[in-house]
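fold the following, please.
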Amino acid sequence: MKLKPSATRITIVITILILAVVAYYAYLSNKSRSERAAASMTVVEEVLSRDLNHNYPPTPKEVIKYYNDITKCLYNETCTDEEIERLGMKNRQLYDADLLAANEMGSYLIQLQSDVADHKDKKITIINMALASSTNVDYYTRNGFSFARLICTYTMNENGTNNTTRIVYLLRRDDDKQWKIYGWDFAENVDINGDGIPGD
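Purely as a prediction, here's the structure:
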């Protein structure tokens, strides 16, 4: 028996509606699954998941913010040796070429493992990191390079006693226009009003 044109149209509309409902349910199911996966990631896994080749921090402040996220993972979280090494490699992706040259990879990773173990032994944790606002970033040019300098204040706890440390970070813009960490020093050792390099 041949269907009338109106019955054919109704069948097609119902089929499309059913397919739309199925597709929407599949979309919600996948979204929920990915949200659950993201929620179940540890802090360390979340920091390690950032792909710096395609998602590099765009400003000096964002570079130090991510560097601080790595630091918190190293000293506040329980990491495996492999995770410490991977976090150390993320750090190195933020370093300027000159800083990398001064810190051979093998020695750097051994020293990092030792530093993390030392902090755990002394029960030192980072309570707070206060990064200077974007308006407090000093930009200047020296020897044809663009530099940015900013201060971060760290509050540490060691066996129940809090102490505060201010670190001045210096970043240099590379040929790819990415800000890389060139060096750092304690604020008391740096002429904040000059254009010197931490440690100079």
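
got the confidence number for residue 47?
pLDDT for residue 47: 96.

report the contact partners of it.
Residues in contact with residue 47, defined by Cβ atoms under 8 Å, 6 or more residues apart in numbering, are 66, 69-70, 73, 87, 90. Placement of C-beta: from N, CA and C, glycine included.

which one of these sits closest to residue 25?
residue 69 (36.3 Å; Cβ to Cβ).

how many neighbours does that closest one have?
18 (other Cβ atoms under 10 Å).

is residue 130 in contact with residue 153, as I believe?
Yes: with contact taken as Cβ atoms under 8 Å, residue 130 and residue 153 are classed as touching, separated by 4.4 Å.

on the three-state scheme, the residue nearest in space to the middle of the chain is what?
Centre of the chain computed as the mean C-alpha position; nearest residue by Cα atoms, centre = their mean is residue 66, 2.8 Å away. Three-state assignment for residue 66 (DSSP: H, G, I helix; E, B strand; the rest coil): helix.

what do you get for the one 4 residues further on?
Per three-state DSSP, the local secondary structure of residue 70 is helix.

do you know the pLDDT at it?
At residue 70, the predicted lDDT confidence score is 97.

how far away is it from residue 54?
Shown here: residue 70 relative to residue 54, a distance of 18 Å by Cβ to Cβ, to the nearest Å.

who has more neighbours out of those two?
More crowded of residue 70 and residue 54, by other Cβ under 10 Å: residue 70, with 21 against 6.

list the contacts for that one?
For residue 70, the contacting residues are 47, 87, 90-91, taking Cβ under 8 Å, 6+ apart as the criterion.

reformat the contacts of residue 47 as a markdown table; add distance to residue 114.
Rendered in a markdown table, the data for the contacts of residue 47 read as follows (distance: Cβ to Cβ, whole Å):
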| residue | distance to residue 114 |
| --- | --- |
| 66 | 23 |
| 69 | 21 |
| 70 | 17 |
| 73 | 17 |
| 87 | 14 |
| 90 | 18 |
